[in-house]
Every structure is written in structure tokens, then in C-alpha cells.
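Engineer: starting from these lines, generate the structure:
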Amino acid sequence: MSYESDLLGNKMENDFRQVFYKVYNSKFQKDLFYSIEKEIKNEWKYLDYKIFPLIKNFPKNASILEVGCGRGALLEYLRAKKFVNVLGVDISKEQIELAKSKNLNAIESDVLSFLKNSDSKYDIIFAIDIIEHFDKKELIELFNALYNKLNENGVVIIQTPNGQAMLPGRIIYGDLTHLTIFTPGSLTQILRVANFKEFTFYEKGPVMKNIKGIIRTFLWTFLKFMYNILLLIECGRTEKILSQNFICKAKK
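Structural biologist: Modelled structure (predicted):
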């Protein structure tokens, strides 16, 4: 084992986050923290509106990696959409065992170690609800690794809590392992440092998938309008991305 690998191993062993990662499923499965994953698992129509349009032009044999795949909810969705070359990576043994119980292709590994040691490259890399769990020094390494592991014209799709949301507190402070909170502006900064050239941001707000969704979307649009009036008065500008989470598609 190299000196660098030994340092990484000691760091991970002494990292407070490992205490939580080891028991995510057994200790926290009924907590509010899992509401997002439960939504992904139970409401694939939401993904049809928010995620699938970002990858629909890729062939079904596109190489896809999800870092921080958890129990495999997104992997399962991708399989249902007939993508055949999909791999998930997560540090939680409990979560990986659940993913494998559904015959999903998933590996237990620290994300940074996997990206550093893997020889594979990917057309699409998903980073859903994971980048907020890294400190700023780790994020430089992570985004450089994500860039290097993409094939030419590959994309990374990110979802993360939104520091400029109208009501950010619940999603930001709902998990003790959140270390860095982004806005579209700050995420743009690190994407540029990592040499990504094209990036687009989207709200993770309500969608018009049924009557309830239509009502929620209408009310959300109205509330955003009122909130932006306040921003305009105070700051002289408005914001487009105000949902508690936001999505980013960045192209190599």
C-alpha cells in the first residue's frame, strides 16, 4: 500500500461521517432524510419529468455510473428505462446489500477511491444528493475525478441542496453529514475550475404529473413571483432557481 493510500485510509477511518454511513439504512430509514429517496423510488413519473429528459438522447448501451447510489432507486429506474450498462457505487455496506438484493450492479466503495483507481470512463455520471457531503478540499479532488472519468462529450448530472432556496433550512440542516452547501453560482465556480465547459441548472420543484401536481406547480409559480419581488426590492435582481434542491447538467 502506498503512503498516499495509507493516509486516505486513515482519514476515512477517523472521519465522523463513517459512523452515519455504516447505519444509514438501519438507523435512519424512517427519518425525513429519506423522503427524497422514497420519492425517487415510488414516483418514477417525477424522474420522467426531471431526469430522463437530460439523458434521453443517449443510446441504451451508454456507460452510466452513479456515485453515492444508496439503495439503488435510480439504478432501478434506469434499468426500467432499458439502459443496460449501469453501475452504482456507495460507501454504505447496508445500502449496497439492498441494491444487490434487487439484482442491481452496485459496488461498496468510497467514491473518491473508486474514481481514483478505476480505469473505466463513462458517458453519464450521476451525483444525486452526494456532493454536499464533502468538504471543500475534497470537492476539488472529486470534481477533477468526475471530469477525468467522463468520455468525450460525457455529462455529469448533479442534484444537491440549494443554498439560495426560499426555504432552505430543512434540506440543508436535515442531515448532520452535510458539509458544503451550493448555489448555482458556487457550483458554477467549481465546475469551471474542473474544466467543465457547458452547464445548465434546473429546479427540483413540483411537476404537473396529476391534478395535485398542477395545483402545486401553479402555487409554486405564484410564490416564486412574490419572492422575487422581495429580492428585486432588496438586491435589485431576481433568481430563477429557488427550490430546496436543484439539478445541474454539466458537459465535458
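Engineer: okay but Ala250 is in contact with Leu191, surely?
Structural biologist: Yes: taking contacts as Cβ atoms under 8 Å, Ala250 lies within contact range of Leu191: 5.2 Å. All C-beta atoms are positioned from the backbone trio N, CA, C, and that covers glycine.
Engineer: and for the two, which residues touch both?
Structural biologist: Any residue near both Ala250 and Leu191 by Cβ atoms under 8 Å, 6 or more residues apart in numbering counts here, and that gives Phe199.
Engineer: higher neighbour count, these two?
Structural biologist: Higher neighbour count among Ala250 and Leu191: Ala250, with 27 against 21, using other Cβ atoms under 10 Å.
Engineer: tell me which element that one falls in.
Structural biologist: strand 245-251 (DSSP states H and E).
Engineer: tell me the average confidence for that strand?
Structural biologist: In this model, strand 245-251 has an average pLDDT of 96.
Engineer: return the list of strands paired to it, each annotated with direction.
Structural biologist: Neighbouring strands of strand 245-251 in its sheet, by DSSP bridges, are strand 150-161 (antiparallel), strand 198-203 (antiparallel).
Engineer: can I get those strands in JSON lines with mean pLDDT?
Structural biologist: Converted to JSON lines, the strands paired with strand 245-251 look like this (pLDDT from 0 to 100):
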{"stretch": "strand 150-161", "mean pLDDT": "96"}
{"stretch": "strand 198-203", "mean pLDDT": "94"}
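Engineer: tell me which of the ones you listed sits most buried.
Structural biologist: strand 150-161 (a mean of 20; mean count of other Cβ atoms under 10 Å).
Engineer: where do the helices sit along this structure?
Structural biologist: 3-13, 17-21, 24-28, 35-42, 44-50, 52-55, 73-80, 93-101, 111-117, 136-148, 169-173, 184-193, 211-235 (DSSP state H).
Engineer: please identify the most buried of the ones you listed.
Structural biologist: Among the helices of the chain, helix 73-80 has the highest mean neighbour count (mean count of other Cβ under 10 Å), at a mean of 20.
Engineer: so how far is it from its chain's centroid?
Structural biologist: Remark: helix 73-80 is offset 15 Å from the chain centroid, using Cα atoms, centre = their mean, to the nearest Å.
Engineer: and for stretch 105-116?
Structural biologist: Taking mean C-alpha positions (Cα atoms, centre = their mean), stretch 105-116 and its chain are 15 Å apart.
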